[in-house]
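Chemist: okay, here's the prediction I keep looking at, along with the sequence it came from:
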Amino acid sequence: MNISVRELATARIVDLDGDVDLGTSPDLRRALFDALRVTPKLALNLRSLRYIDSSGIATLIEVLKAAQRLQKDFVLFGMNPAVQNVFRLTHVNRIFRICETEEQALSPA
């Protein structure tokens, strides 16, 4: 999995490429918490994510809880159908703000 972070004036965008699984979720956790610390809004680009397992979902929930505690915005965008299906099957699509595009994700909630 490749993780890259882009800075905007009021947000950080984390772009993922590859698979999030037990082996890569600690790297994702570290990158998301580092970005969350320094921005009021964190947007996670899932467009190039091919696969996510339960450890990846748990990492995202952990970041969401931290964002809520810190009163920061955490939004997901660009999910492909396979990733959408995992979110639907695990019912976590109900707890995240999920957008289609980067523009929607960066607009005010």
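Modeler: The structure has been received and is ready for your questions.
Chemist: quick check on the closest residue to R6 other than its chain neighbours: phi, psi?
Modeler: Spatial nearest neighbour of R6, chain neighbours left out: I13 (4.5 Å); criterion: CB to CB, 6 or more residues apart in numbering. From N, CA and C alone the C-beta is placed, and that goes for glycine too. Note on I13: its backbone torsions stand at phi -110, psi 130 [degrees, to the nearest 10].
Chemist: and the pLDDT for I13?
Modeler: Predicted confidence (pLDDT) for I13: 98.
Chemist: identify the bridge partners of it.
Modeler: R6, A43 (DSSP bridges).
Chemist: give me the neighbour count for it.
Modeler: As a burial measure, I13 scores 21 neighbours (other CB atoms under 10 Å).
Chemist: relative to L64, how far out is it?
Modeler: Note on I13: its distance to L64, by CB to CB, to the nearest Å, is 16 Å.
Chemist: and what of P108?
Modeler: 18 Å.
Chemist: cool, S25 as well?
Modeler: 14 Å.
Chemist: more neighbours: which of P108 and L64?
Modeler: L64 (20 against 6).
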